[in-house]
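1. build me a model:
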Amino acid sequence: MEIPSLANLKKELSYLSESEIKDLLIELIKFSRDNKAYLFFKLYEKDQPGLFVELVKEDLLVEFEKVRVDHSYYAKKGIQSIRRKMNKLLKLSKNREDQVEVLLFFSEEMKERGFLKHRNPVIKNLYEIQKGKVEKLIEKLHEDLQYDYMNRLEEL
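-> Numbering: from 1, shown residues only. Here you go, the predicted model:
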C-alpha cells in the first residue's frame, strides 16, 4: 500500500466538513498515546505556555525516582530509559526554549543524583551528548536567553 503525499492529504481534508474532521481527529487520538499528548499540548499551549515543560519535568522526576543509582549497570540502564522517554516527549514541542529547558533539567538531575560518580563511559557520553544538544539549541535562541542558558550550562 502506497501512502499519499502530505499535499494530497491536505487537499482531501479541505473537502471534509468540520464534523468529519473532528471525527477523524478523535480516531487519530485513539490510535496512540503520543497523538493524544501532542494534541493536548497543541490545544493548551496558547493558554498555558509553560505547561509542556512542567508536565515533562514531573514525568522525568518520577522516572528519576525509580532508578537505582547505587550500581553502575542499573544507573546506566535507568538513565538510558529516561533519555528515551525525554526524547520522545521533546518531539511534541517545536519550541526551542522548552527543549533547552528540558535538556538542562535532565542534565542537572543526572549530576545531582550521582549518575556521573560511576565513571561509566556510556553514562559520561550520554551526559556530554545532552550538553552538546543544549549548546546547539542555545545558539539558535535570542541573545538574552542565550546568556541565561549559557550560565546554567556552565554550571554543569
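2. list the contacts for the most centrally placed residue in the chain?
-> The centroid of the chain falls nearest to residue 90 when counting by CA atoms, centre = their mean (2.1 Å). For residue 90, the contacting residues are 56, 99, 102, 103, by CB atoms under 8 Å, 6 or more residues apart in numbering. (Glycine included, C-beta is placed from N, CA and C.)
3. what about 7 Å?
-> 99, 102 (CB atoms under 7 Å, 6 or more residues apart in numbering).
4. distance check, it against residue 23.
-> According to CB to CB, to the nearest Å, residue 90 stands 30 Å off from residue 23.
5. for residue 68, grab the count of nearby residues.
-> When neighbours are defined as other CB atoms under 10 Å, residue 68 has 10 of them.
6. what of residue 126?
-> Counted with other CB under 10 Å, residue 126 comes out at 20.
7. again with residue 35
-> 15.
8. mind checking which helix or strand it is in?
-> In the assignment (DSSP states H and E), residue 35 maps to helix 33-44.
9. who does that helix touch, helix- and strand-wise?
-> helix 18-31 (3 or more CB pairs under 7 Å, 6 or more residues apart in numbering; DSSP states H and E).
10. now the strands for the chain?
-> Counting by DSSP state E, the chain forms no strands at all.
11. show me the shaky parts of it.
-> By pLDDT under 70, the chain has no low-scoring segment.
12. what residue spans form the domains of it?
-> Per automatic domain parsing, the domain ranges recorded for the chain read 17-47, 49-155.
13. of those domains, which stretch is the most buried?
-> domain 49-155 (a mean of 15; mean count of other CB atoms under 10 Å).
14. now tabulate the domains of the chain in a markdown table and tack on distance to residue 6.
-> Output for the domains of the chain, formatted as a markdown table (distance: least, CB to CB, whole Å):
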| stretch | distance to residue 6 |
| --- | --- |
| domain 17-47 | 15 |
| domain 49-155 | 17 |
